[in-house]
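> Coordinates only, no sequence provided:
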Ligand code: ASP
């Protein structure tokens, strides 16, 4: 995963889509370590998704959206791309397993009417996001977990299959030699895909799916299937989603709080920054602080988007009509060398 290392080396402002900006304000003069926070506005529809696997995911979502699909159809189609790709080692099929060699998946989905569905600790199903959608549409519940989620998926016609690819099995066996767990987010072992859509009519949808932290304890559930932590939207305000160490995002109800900051008038980037700062303040004396990474992406009803992470190296894919599909670097608080 050398490309992860490359991300880290990149400067935060290097490849920002300057042409996408219609307004630009400096919002962080007091903070020397951050670049100026830009308000990036674009026309509807707008799709953003975390990390580089966001690019092919955005392509699929855009195609769905522009050929008559709904926002929910789009986010589902989008994140299914990395879920089904065995070379994406952090999502779905081919994802790195837990310390017992089991691939366990977390996903959630949310629509403009605040309907939501989620699955956690799901094994043997390649597309957890589609099961989460079924939970939303076919059950009176929001969240199904483990064996119950699997039984529900099978009852809905999903096929059970082995998700542990030879490459992931080999990596797990190598890890077993030392069996040392360090939650090193974003460098070596995992990245969630979270996708947010603002459709032509100005309605929001979101999805989030992951195989979670590699070598996690069996049964561990991260932030990604938790509405309010890994993903949240309020169709009156905006949408936000997370990547990074799930425990830190859960402790702060991360995505819900980003949306609340936008409700209070903050831009998407500024809202993400405030919650990353909060996470930093709550974790700065934590023994694993040197490994901590969290990042958020957000969009608001006006078509502004932004991202902000604790450490350098986080980027996200943005797709709109004027500028097409491209990567944008998130602004960040600190580099990996800083304590
Ligand atoms: N948030 C995910 C988790 O903690 C992992 C990631 O985004 O890298 O499971």
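Thanks, I have the structure now. None of these values were measured; they are calculated from a predicted model.
> and the closest residue to residue 304 other than its chain neighbours, how far is that from the ligand?
Leaving out its chain neighbours, the residue that sits closest to residue 304 by C-beta to C-beta, 6 or more residues apart in numbering is residue 41, at 4.8 Å. (C-beta placed from N, C-alpha, C; glycine too.) Distance, residue 41 to the ligand, by C-beta to the nearest ligand atom, to the nearest Å: 27 Å.
> Now for residue 41, how many residues are close by?
Residue 41 has 19 neighbouring residues, counting by other C-beta atoms under 10 Å.
> separation between it and residue 322?
Separation of residue 41 from residue 322 (C-beta to C-beta, to the nearest Å): 11 Å.
> Could you point out the longest helix of the protein?
helix 268-283 (DSSP state H).
> wait, is residue 205 part of a strand?
Yes. Counting by DSSP: H, G, I helix; E, B strand; the rest coil, residue 205 is found in a strand.
> residues contacting the residue lying closest to it once chain neighbours are set aside?
Distances taken as C-beta to C-beta, 6+ apart place residue 71 nearest to residue 205, at 3.2 Å, with adjacent residues excluded. Contacts here follow C-beta atoms under 8 Å, 6 or more residues apart in numbering; on that basis residue 71 touches 65, 111-112, 197-199, 203-205.
> Tabulate those residues (CSV), appending pLDDT and neighbour count.
Below are the contacts of residue 71 laid out as CSV (pLDDT from 0 to 100; neighbours: other C-beta atoms under 10 Å):
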residue, pLDDT, neighbour count
65, 97, 25
111, 98, 22
112, 98, 22
197, 98, 32
198, 98, 30
199, 97, 20
203, 98, 19
204, 98, 25
205, 98, 27
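> and of the residues you listed, the nearest to residue 52?
Nearest to residue 52 among the contacts of residue 71 is residue 197, at 18.6 Å by C-beta to C-beta.
> quick one: is the host helix or strand of the closest one near the ligand?
If you go by DSSP states H and E, residue 197 is part of strand 193-198. No. Judged by C-beta under 6 Å from any ligand atom, strand 193-198 and the ligand are separated, with a smallest distance of 8.0 Å.
> quick revisit: okay, buried residues for the longest helix of the chain please.
By 16 or more other C-beta atoms under 10 Å, the buried positions in helix 268-283 come out as 268-276, 278-280, 283.
> ok, and what's touching it?
So helix 268-283 is in contact with 27-28, 34, 37-40, 238, 240, 248-249, 251-252, 254, 257-259, 261-262, 266, 289, 292, 294-300, 304-310, 330-331, 333, going by C-beta under 8 Å, 6+ apart.
> For that helix, what is the distance to the chain centroid?
Here helix 268-283 is found 16 Å from its chain centre; the criterion is C-alpha atoms, centre = their mean, to the nearest Å.
> moving C-terminal of that helix, what's the next helix or strand?
As assigned by DSSP H and E, the chain's next helix or strand after helix 268-283 is strand 294-300.
> Listing partners with orientation, what would you give for that next one?
strand 238-244 (antiparallel), strand 304-311 (antiparallel) (DSSP bridges).
> Among these, which comes closest to residue 49?
Among the strands paired with strand 294-300, strand 238-244 sits nearest to residue 49 (C-beta to C-beta), with 8.6 Å.
> So what pairs up with residue 195 in the strands?
Legend: beta-bridge partners of residue 195 under DSSP bridges are residue 49, residue 207.
> still on that earlier bit, just want the angle from the strand holding residue 197 to helix 268-283.
Strand 193-198 and helix 268-283 are oriented at 140 degrees to each other (axes from the mean of the first three to the mean of the last three C-alpha atoms, to 10 degrees).
> helices and strands around strand 193-198, which ones?
Judged by 3 or more C-beta pairs under 8 Å, 6 or more residues apart in numbering; DSSP states H and E, the packing partners of strand 193-198 are strand 46-50, helix 54-66, helix 71-84, strand 204-210, strand 238-244, strand 294-300.
> what do you get if the cut-off is 6 Å, keeping everything else the same?
Here strand 193-198 touches strand 46-50, helix 71-84, strand 204-210, strand 238-244, going by 3 or more C-beta pairs under 6 Å, 6 or more residues apart in numbering; DSSP states H and E.
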